[in-house]
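[1] using only what follows, build the 3D model:
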Amino acid sequence: MDKIEKDLLRKIADIEETPMGAYNIRENGKGISRNTTANIDIVTKKDKPGIDIIVKANTKNESVHIPVILTQGGFNDVVYNDFYIGENADVVIVAGCGIHNNSCETAEHDGIHSFHLEKGAKVKYIEKHYGEGEGSGDKILNPQTIVNLQDGSYMEMETVQIEGVTSTIRETKANLGKDASLVISERIMTSGKQTAKTIFEVQLNGENSSVHVASRSVAKNESSQEFISKVDGNTKCFGHVECDAIIMDNAKVLSDPKIVANHIDASLIHEAAIGKIAGEQLIKLMTLGLTEKEAEEQIISGFLK
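    Numbers count the residues shown, from 1 in each chain. Okay, here's the model as predicted:
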């Protein structure tokens with residue numbers, strides 16, 4: 001791989017060299033490198049582009065890396081990945097997509113990821129998105145994540161849009177069984193005239209199931225963001241959705257959280273806060289010798305952690 005490809009993999013998947021464990025690296029619509037283990041298999045789909053990742057029951061302390069990179073303009077990559085996580089397995093899955101577009105044509109990746117967690121399974125899922133390139137062509141990323149959690153399973157999602165993505169629609173749908181838990185942490189940065197839309201739809205179907213969604217975003221310049229969430233509590237359950245955004249320049253942010261209690265023992269909370277950087281925060285950092293721009297960058301960095 002050349003320097004551009006290596007830099008993209010480092011930014012979206014923290015890959016400095018060949019990763020340990022199972023992995024599948026995809027570039028411009030084709031798999032370029034793959035490895036499986038005794039407990040984790042990766043199989044190419046026959047009916048559509050994508051792979052099946054199969055994790056055996058009771059697999060512990062293993063990881064799967066499935067990054068995607070695009071280095072061509074005029075290319076629309078669509079991929080369907082299914083994750084089958086066996087009972088009581090506990091694994092880390094690192095995905096993400098990086099686009100380098102120096103052309104005047106659009107480069108786009110649409111990834112549809114479906115997770116099927118059996119009873120007692122645990123997954124930490126990390127997904128980073130990034131765009132770069134000197135060309136005028138758009139860099140578009142539209143991830144869809146479908147989560148099915150069986151009884152007692154747990155999934156933690158950490159999703160980050162680093163920078164440079166022209167437009168994105170990020171959609172997550174989840175169905176939770178008894179004692180299942182879903183924790184989502186989302187971080188988004190937009191600038192210029194970029195747009196970002198996030199949609200969360202969660203069905204708390206199992207008794208004592210729970211979800212916690214925390215979205216933090218920064219919108220700069222003329223960019224715009226939209227956050228939509230809907231949590232249905234259909235039994236005794238707990239749901240908490242919080243959306244915090246910093247708005248700068250002439251940017252726009254819309255937040256539309258919705259909770260629906262369909263059971264007397266459904267406990268649901270939603271919170272939303274949008275505002276500019278507080279002047280006292282800037283002043284405090286500037287008295288330490290930072291310029292206003294440096295102070296802003298430090299506050300934003302801390303906010304998005």
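[2] which positions in the helix or strand that residue 43 is a member of come out as buried?
    Element membership for residue 43, per DSSP states H and E: strand 40-44. Residues of strand 40-44 classed as buried: 40, 42 (neighbour count, 16 or more other CB atoms under 10 Å). In short, each C-beta sits where N, CA and C put it, glycine included.
[3] that strand pairs with which strands, and in what direction?
    Strands that pair with strand 40-44, judged by DSSP bridges, come out as strand 50-55 (antiparallel).
[4] my guess is residue 166 meets residue 194, correct?
    Yes: judged on CB atoms under 8 Å, residue 166 makes contact with residue 194 at a distance of 5.7 Å.
[5] quickly note the distance from the spatially most central residue of the chain to residue 151.
    In the chain, the residue lying closest to the centroid (CA atoms, centre = their mean) is residue 159, at 2.6 Å. Separation of residue 159 from residue 151 (CB to CB, to the nearest Å): 25 Å.
[6] over to residue 126?
    25 Å.
[7] returning to what we had before: how far away from the center of its chain is the strand holding residue 43?
    Distance of strand 40-44 from its chain centroid, counting by CA atoms, centre = their mean, to the nearest Å, is 22 Å.
[8] for it, the averaged confidence score.
    The average pLDDT within strand 40-44 is 98.
[9] same check, this time on stretch 3-18
    Rounded mean pLDDT across stretch 3-18 is 87.
[10] report the buried residues of the lowest-mean-pLDDT helix or strand in the chain.
    Lowest by mean pLDDT, DSSP states H and E among the helices and strands of the chain is helix 279-286, with a mean of 77. Judged by neighbour count using 16+ other CB under 10 Å, the buried positions of helix 279-286 are 282, 285.
[11] check which helices and strands the next helix or strand after it sits against.
    Sequence order places helix 292-303 as the next helix or strand after helix 279-286, per DSSP H and E. For helix 292-303, the elements it packs on are strand 209-219, strand 237-247, helix 279-286, judged by 3 or more CB pairs under 8 Å, 6 or more residues apart in numbering; DSSP states H and E.
[12] on contacts alone, who are the packing partners of the shortest one?
    Read that as helix 279-286. Against helix 279-286 (3+ CB pairs under 8 Å, 6+ apart) you get helix 292-303.
[13] the first one too?
    Under the contact criterion of 3+ CB pairs under 8 Å, 6+ apart, the helices and strands touching strand 209-219 comprise strand 167-176, strand 181-190, strand 195-204, strand 224-233, strand 237-247, strand 252-261, helix 292-303.
[14] wait, is residue 11 part of a helix?
    Yes: according to DSSP: H, G, I helix; E, B strand; the rest coil, residue 11 belongs to a helix.
[15] burial of the closest residue to it other than its chain neighbours, as a residue count?
    Ranked by CB to CB, 6 or more residues apart in numbering and with sequence neighbours excluded, the top spatial neighbour of residue 11 is residue 130, at 5.1 Å. A count of neighbours around residue 130, defined by other CB atoms under 10 Å, yields 22.
[16] list the contacts for residue 130?
    Residue 130 is in contact with 8, 11-12, 96-99, 161-165, counting by CB atoms under 8 Å, 6 or more residues apart in numbering.
[17] how does it look with 6 Å?
    Shown in contact with residue 130 (CB atoms under 6 Å, 6 or more residues apart in numbering): 11-12, 98, 162, 164.
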